[in-house]
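*Asks:* how would this look folded up:
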Amino acid sequence: MPRQVSEEHRDRDNSKKRQDRVINPAKYFLYDSRKSDRKKGFDNNLTLEVIEYLFTFPCTYCGNTTLKRSLDRIDN
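*Replies:* Sure, this is the predicted structure:
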């Protein structure tokens, strides 16, 4: 039988996830990219250390460091 979760608890949980995503974007980028690659059948050998290192550099297109970040594949 599915567990009933109150709307208040769900909102609090979602709020914490949003805060965590802001605090540690590399961790969530890794999670999201692995999930997406699994769905598409791609290999994903990125590590958290590599993503954290790459996120230290500004965007190569606009130079911004505060926008939502992403990484492009070389052989997409």
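*Asks:* from here on, contacts and neighbour counts on C-alpha atoms
*Replies:* OK.
*Asks:* can you pull the pLDDT of the residue nearest the centre of the chain?
*Replies:* What sits nearest the mean C-alpha location of the chain, by CA atoms, centre = their mean, is residue 29, with 2.1 Å. Looking at residue 29, its pLDDT stands at 88.
*Asks:* Number the chain from 416, please
*Replies:* Sure thing, new numbering starts at 416, so read that last one as residue 444.
*Asks:* neighbours of the closest residue to it other than its chain neighbours, just the number please.
*Replies:* Using CA to CA, 6 or more residues apart in numbering and skipping the chain neighbours, the partner closest in space to residue 444 is residue 485 (7.6 Å). By other CA atoms under 10 Å, the residues close to residue 485 number 13.
*Asks:* what about residue 485, which helix or strand?
*Replies:* In the assignment (DSSP states H and E), residue 485 maps to no helix and no strand.
*Asks:* what about the residue nearest to the centre of the chain, distance to residue 451?
*Replies:* Distance from residue 444 to residue 451, counting by CA to CA, to the nearest Å: 10 Å.
*Asks:* quick revisit: could you measure from the residue nearest to residue 444 over to residue 472?
*Replies:* Taking CA to CA, one finds residue 485 at 12 Å from residue 472.
*Asks:* How about residue 487?
*Replies:* Taken as CA to CA, the span from residue 487 to residue 472 is 14 Å.
*Asks:* between these two, which one's more packed in?
*Replies:* Shown here are residue 487 and residue 472; by other CA under 10 Å, residue 472 has more neighbours (11 against 6).
*Asks:* quick one: that one and residue 481 touch, right?
*Replies:* No. Applying CA atoms under 8 Å as the test, residue 472 and residue 481 come out as separate, 11.0 Å apart.
*Asks:* contact partners of stretch 464-477?
*Replies:* Here stretch 464-477 makes contact (CA atoms under 8 Å, 6 or more residues apart in numbering) with 441, 445, 479, 480, 484.
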